[in-house]
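Participant: have a look; sequence and predicted model below, questions after that.
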Amino acid sequence: MDYSEIFVRFGEIALKSPSVRHRMEKRLARNIRKFLKKIDLPNSLVSIKRSWGRLVITLEAEELQKTGLTSTNVAQLLAENVCGIVSTSPVYRAPLTELEKVALSLAEEKLQQNSSFAVRVRRFGTHNFTSKDVEAKIGGIIHEKFKDRGISVNLTRPDYLLQIEIKNELAFVFDTTFRGYGGFPQGGQGTIAAILRGSLEDAIAAFLLCKRGAIIIPLTFEVENFAGKFSNVEELQKQLTFFARIQPTKGHYFKVNFDNLLEKIGIENITCSICDKVCLGIANRIIEGQHKKGIVLGNAEDAILHRNPETAKPPQPPIYYPLIALDKETVRHPFNERKFQSGFCLNDCPGYQKQKRKKGKQLSDAKIAKIVASAEFELVIPAQESPR
């Protein structure tokens, strides 16, 4: 049996003042509508249930059928692609008189042989019963109905968890929850230019700014095949696909030919400090006059520790290094070693080793400015693809 609705839960948004929270809830709902349009569900109803602290999505059955998706598919896609969502659940709505029937139907599908289960209930409104009453009643009915499967009750770590939320005379029943990214909905914190050089670090840094509510404009520094040794094109394409999928805006980006710049710098001279100066100079050229809120790039603590200290006045626009204070274990989600590898920066760049050993020629500011001024870049507007 398919579900009729999807619950969308949020976290940090609820901590804001009433006016800010209301604005963020509306933005999150708007971003969800944009994503549903991407997966060919433009007519879905997205409502804000303020008393519940969540969004509720009602899907048109005929529209859903045309896409070949189920409500469970849509709930998972939302959790994996929209910042600001803590979790989603496909939910079956039923009057209280049909609660037992719906609960048994779901349990029959999911409750495995010799497994344990539990029932959790939350209520909104006034009733002549408690949440514990409903848990005991539904749990007892399920245990009696499927006792031939060798099932048992486990209230702490059940194999199967059936959840019920009761609102006045309606029950909402679900047994699946998908984890989301959390944070804030994108679009409320301005636009940030994100330097991407193929590294996992750059990509995670950009993603963390997305979670804080910023829209990012990727600036890709492409190395197709420098000296027959380096290429980051494949990894950059994976990262661009990811950001195009999660962002509520169209997936345009700027592409910089980095092969030519490496030739001018000289592979024997490249270091992390020089690379950053060149990339940041080009980023400033690209966003000049566009009122962007800043520039973000990665390179975690192990690279930054070996950089030459900057003595110039604070940059305008600001430069963000969100990975400086985070260890690798805390920033893996949603990237993992199988999905994204470091294609150029850090892993196989000799500049990183030179930076650590304090080797390599330090180029003058005038030389770097000349290299920056000679950089070639273009705006790329790819065709919109479905995020499914």
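Facilitator: Nice, I can see it.

Participant: list the buried residues in stretch 184-194.
Facilitator: 184, 185, 186, 187, 188, 191, 192, 193, 194 (16 or more other CB atoms under 10 Å). (Glycine included, C-beta is placed from N, CA and C.)

Participant: for it, give the mean pLDDT please.
Facilitator: On average, the pLDDT along stretch 184-194 is 93.

Participant: try stretch 281-292
Facilitator: 85.

Participant: check stretch 255-271 too.
Facilitator: Rounded mean pLDDT across stretch 255-271 is 84.

Participant: same check, this time on stretch 145-157
Facilitator: 93.

Participant: ok so, going back, of all pairs in the buried residues of stretch 184-194, which one is the farthest apart?
Facilitator: 185 and 193 (20.1 Å; CB to CB).

Participant: number of residues surrounding residue 280?
Facilitator: Residues lying near residue 280 (other CB atoms under 10 Å) number 18.

Participant: run through the neighbouring helices and strands of whichever strand or helix holds it.
Facilitator: Assigned by DSSP states H and E, residue 280 belongs to helix 272-287. If contacts are counted by 3 or more CB pairs under 8 Å, 6 or more residues apart in numbering; DSSP states H and E, helix 272-287 sits against strand 191-196, strand 215-222, helix 258-265, strand 294-296, helix 350-357, helix 365-374, strand 377-380.

Participant: figure out which of the ones you listed is closest to residue 99.
Facilitator: Nearest of these (CB to CB): strand 215-222, 42.8 Å.

Participant: which strands and helices sit next to the closest one?
Facilitator: Counting contacts by 3+ CB pairs under 8 Å, 6+ apart, strand 215-222 packs against strand 191-196, helix 200-211, helix 233-246, strand 253-257, helix 258-265, helix 272-287.

Participant: about what we covered before: could you give the angle of the helix holding residue 280 to strand 253-257?
Facilitator: Using axes from the mean of the first three to the mean of the last three CA atoms, to 10 degrees, the direction of helix 272-287 lies 130 degrees away from that of strand 253-257.

Participant: so for helix 272-287, what gets flagged as buried?
Facilitator: 272-284, 286-287.

Participant: do the same with stretch 172-185
Facilitator: Buried residues in stretch 172-185, counted by 16+ other CB under 10 Å: 172-178, 180-185.

Participant: quick one: residues in contact with stretch 93-113.
Facilitator: 1, 4-5, 92, 117, 119, 134, 138, 141-142, 145-146, 149-151, 159-160, 162, 164, 166, 169-175 (CB atoms under 8 Å, 6 or more residues apart in numbering).

Participant: show me those residues that map onto helices.
Facilitator: 134, 138, 141, 142, 145 (DSSP state H).

Participant: distance to residue 202 and neighbour count for these - can I get that in CSV?
Facilitator: Formatted as CSV, the ones in helices among the contacts of stretch 93-113 follow (distance: CB to CB, whole Å; neighbours: other CB atoms under 10 Å):
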residue, distance to residue 202, neighbour count
134, 50, 22
138, 49, 22
141, 54, 16
142, 49, 24
145, 54, 16
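
Participant: nearest to residue 61 among these?
Facilitator: residue 138 (26.4 Å).

Participant: on that earlier part again, which one of the helices and strands packed on strand 215-222 lies nearest to residue 44?
Facilitator: helix 233-246 (18.1 Å).

Participant: would you mind writing the CA trace of the lengthiest helix in the chain as CSV?
Facilitator: Longest among the helix segments of the chain by residue count, using DSSP H, is helix 18-38. Taking C-alpha atoms only, helix 18-38 is exported to CSV below (Å, rounded to 0.1, in the frame of the first residue of the first chain):
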residue,chain,number,x,y,z
PRO,A,18,8.9,33.7,15.3
SER,A,19,9.3,36.1,12.4
VAL,A,20,12.6,34.5,11.3
ARG,A,21,11.2,31.0,11.7
HIS,A,22,8.2,31.9,9.6
ARG,A,23,10.4,33.3,6.9
MET,A,24,12.6,30.2,6.9
GLU,A,25,9.7,27.8,6.9
LYS,A,26,8.3,29.6,3.8
ARG,A,27,11.7,29.4,2.1
LEU,A,28,12.0,25.7,2.8
ALA,A,29,8.5,25.1,1.4
ARG,A,30,9.5,27.1,-1.7
ASN,A,31,12.7,25.1,-2.1
ILE,A,32,10.8,21.8,-1.8
ARG,A,33,8.3,22.9,-4.5
LYS,A,34,11.2,23.7,-6.8
PHE,A,35,12.7,20.3,-6.2
LEU,A,36,9.4,18.5,-6.7
LYS,A,37,9.1,20.4,-10.0
LYS,A,38,12.6,18.9,-11.0
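
Participant: residues contacting residue 121?
Facilitator: 131, 132, 134, 135, 138, 163, 164, 165, 166.

Participant: now the residues you listed: which count as buried?
Facilitator: 131, 134, 135, 138, 163, 164, 165, 166.

Participant: right, I'll leave it there.
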